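Engineer: Coordinates only, no sequence provided:
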């Protein structure tokens, strides 16, 4: 059995909320904090920038759930809301050679060169979605939900086209993936959502096996059917789960958070719109200041470790506190809470960790950055007077503590006085 940490654990609210106040409170007591996960499961969160950087690349930290003591001992049931994070078969739950094998099967689709080739298509999709956003605003007295009509369908369309997923499946896949990553879901709904997600992806894979195309799903099926140990059936479906969830949820939150930040800091928006700062810089500052993923599950110390003076017991599930690390004053100074697109902290020593670090660094990072930069540039070029049509305090936070954003983002495409 594990020996619990000395500090009492902080109970993370399964329904989520803005993480920054909680992060500041926990960081004040140290860079590593004991936490209580849903179901009373004890865990740890690594929150400080340097502590997280050390932990993410520590040679005695694993991703394979065989190191998860509570799961191994049968203390976690099938309806636990965070079970998929631990047990999905894919690169995010693999170590060593298995991780390298699984990552290599999809990595060529996400190289900077391959991603750059997608720019014309991303720009085309962006323009089409801006038309949809304008139509939604016309139908809504000048106000539309930017998250629903723009921030969501753009990355969902891009990852679906890469995977060869037909448009008819996309809305359902988004709904199911949001259920899978929710931390406030009931056991029955969690089980049902996971089963349906697997069933939908299995249906897509079966159709691709019969009629392969020039897409990533067909390439994965070919790797599976070659025999040997390149890819199992479970790993195929698990990889598709990861591609769908990570391929759009992170970028959806990133675009949403960037629009909120820029609209709330018009001086910063002016710097970017006038060309004094790049849109890519606005993306990076958003990633640091309001990370799209707040507490990412899971890693496990294979033996008791001490990180920044705090013991992390072997077998405890550990969350990577990306939103906390992004505002750590020890890394970014006393103004770490300030949104500043001119922030000079771009060196490796203080580069944000919001897309990971080390062997498990986000494979889709170049794609997420490109999608967000194109989306922001085209959005504010076409609608320079765009403003959020609700007070920040009235925006409902993302459901659950893994993702970090708001559920809807009503925007007015032109100031009220400028509308005809």
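Structural biologist: The structure has been received and is ready for your questions. In this text, all values refer to a predicted model and were calculated from it rather than measured experimentally.
Engineer: for this structure, what spans make up the strands?
Structural biologist: 10-11, 32-37, 41-46, 61-62, 143-145, 295-301, 305-307, 310-312, 318-321, 387-388, 410-412 (DSSP state E).
Engineer: Any regions of the chain where pLDDT drops low?
Structural biologist: Scanning the chain for pLDDT under 70 picks out the ranges 1-6, 227-229, 345-349, 415-420.
Engineer: Kindly recompute the last result at 50.
Structural biologist: Residues of the chain meeting the criterion pLDDT under 50: 1-3, 417, 419-420.
Engineer: Pick out the residue closest to the middle of it.
Structural biologist: When Cα atoms, centre = their mean is applied to the chain, the residue found nearest the centroid is residue 250 (3.2 Å).
Engineer: Tell me who's in contact with it.
Structural biologist: 155, 292-293, 362, 364, 368 (Cβ atoms under 8 Å, 6 or more residues apart in numbering). C-beta: built from backbone N, CA, C; applies to glycine.
Engineer: Looking at the residues you listed, which is nearest residue 124?
Structural biologist: residue 155 (14.5 Å; Cβ to Cβ).
Engineer: Quick check: the closest one vs residue 161, distance?
Structural biologist: According to Cβ to Cβ, to the nearest Å, residue 155 stands 11 Å off from residue 161.
Engineer: between those two, which one's more packed in?
Structural biologist: residue 155 (27 against 17; other Cβ atoms under 10 Å).
Engineer: I'd assumed residue 247 was in contact with the more buried one.
Structural biologist: Yes. Residue 155 is in contact with residue 247 according to Cβ atoms under 8 Å; the separation is 6.6 Å.
Engineer: mind listing the helices for the stretch 1-150 of the chain?
Structural biologist: Here the stretch 1-150 of the chain has its helices, by DSSP state H, counting those that start in this stretch, at 20-28, 49-56, 69-72, 83-87, 96-107, 112-117, 119-139, 146.
Engineer: Okay, buried residues for the second one please.
Structural biologist: Meaning helix 49-56. Using 16 or more other Cβ atoms under 10 Å as the test for burial, helix 49-56 gives 49-56.
Engineer: Could you do the third one as well?
Structural biologist: When neighbours are counted by 16+ other Cβ under 10 Å, the buried residues of helix 69-72 are found to be 69-71.
Engineer: Then the first one?
Structural biologist: Counting neighbours by 16+ other Cβ under 10 Å, one finds that the buried residues in helix 20-28 are 20, 22-24, 26-27.
Engineer: Name the surrounding residues that touch it.
Structural biologist: Residues outside helix 20-28 that contact it (Cβ under 8 Å, 6+ apart): 10, 12, 33, 45, 47-48, 321, 323-324, 327-328, 337.
Engineer: do the same with stretch 124-135
Structural biologist: 144, 146, 149-150, 153-154, 157-158, 374-375, 378-379, 382-383, 413.
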